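Student: What shape does this take:
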Amino acid sequence: MGSNHQNGGMSRAVEVVNAEGAGELVLLCDHASNHFPPPYDQCLGVSDEEKSAHISWDPGALGVAMALSEALDAPLIYTTVSRLVIDCNREETREDLTPCLSELTEISGNRNLSDEERTFRINLVHRPFHDAIDKVLALRADKGLPSAVVSIHTYTPVYKGKARPWEIGLISENDRRLADPVLTGLNARGDLTVGDNEPYAPSDGVYYTVRRHGEDKLLPCLMIEIRNDEVRTPNEELHWADILGPLLKSAAKTVLRKEVADHA
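Tutor: Numbers count the residues shown, from 1 in each chain. Prediction:
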């Protein structure tokens, strides 16, 4: 594919909500949108049905993230371009940064991309997204506000023919400071099957954003995956925000208060 790009129809590729929020969390949503700006609405070989399917975005994730942002006074940074154009939750050097195959679907327009096209997409969405996160975290550090980083995703109930029993999964790597108390709180409800590094784990290559902005900066961090049949309506999105909000707030407060005390 060449680089015959149009600017029409392309708004900001990244949005920041409540940048000045003073709550403990900084919320991220890598796969918030299934928008395909020109020329990608035509040239990727993706049907209208596929554009609305999970391969193009994480349906319900942004609604949950927005509700959490409001409830917890948390900054939220999210992308406004489909992950089939470029996946902001992948290293710039990874093959699936611009995926040619998503689950069982071929993305023909992503095959044999030129270096120029790949760089164009990185500069269009990927770098602005991560730069925006860095900017928010730096602003908070300058103000003396401690930060815990939480990324909100959703996943499909059936993947390559295999059903996934968990309504929600918590993904973490070395830092379990948020994962453990949130896992305990969710399990204590008694009405959920909760995945611990299910249906994905960092070893699956899905942890780039949280690792970069959380683990690597020694900030408390967590990736949350909600099964997308749980968040099909605005009310269901609010329901999950109501479940997660108090658990995340309590865990972050405890961790960050302890850090302040340890450094006193």
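Student: all helices of the chain, in order?
Tutor: Assigned by DSSP state H, the chain shows helices spanning 40-43, 48-52, 61-72, 115-121, 127-142, 179-189, 208-213, 234-262.
Student: Mind picking out the helix or strand in the chain with the poorest mean pLDDT?
Tutor: Lowest mean confidence among the helices and strands of the chain (mean pLDDT, DSSP states H and E): strand 101-102, at a mean of 70.
Student: Low-confidence ranges, the chain, go.
Tutor: Scanning the chain for pLDDT under 70 picks out 1-11, 102, 260-264.
Student: check contacts around Pro59.
Tutor: Asn34, Thr154, Asn228, Val231, Arg232 (CB atoms under 8 Å, 6 or more residues apart in numbering). The C-beta positions use only the backbone N, C-alpha and C, and glycine is treated the same way.
Student: same thing but at 6 Å, please
Tutor: Pro59 makes contact with Asn228 under the criterion CB atoms under 6 Å, 6 or more residues apart in numbering.
Student: what does Pro157 give?
Tutor: Taking CB under 6 Å, 6+ apart, we find Pro157 in contact with Arg164, Arg227, Asp229.
Student: how far away is it from Arg83?
Tutor: 19 Å (CB to CB, to the nearest Å).
Student: Next: Ala148.
Tutor: Using CB to CB, Ala148 is found at 24 Å from Arg83.
Student: what do you get for Glu173?
Tutor: Distance of Glu173 to Arg83, given as CB to CB: 21 Å.
Student: Comparing those two, which shows the higher neighbour count?
Tutor: The neighbour count for Glu173 versus Arg83, taken as other CB atoms under 10 Å, is higher for Arg83 (25 against 17).
Student: Contacts only, for the spatially closest residue to the more buried one that is not a sequence neighbour.
Tutor: Leaving aside its chain neighbours, Arg83 sits nearest to His31 (4.9 Å; criterion: CB to CB, 6 or more residues apart in numbering). Listed by CB under 6 Å, 6+ apart, the contact set of His31 reads Trp57, Asp58, Arg83.
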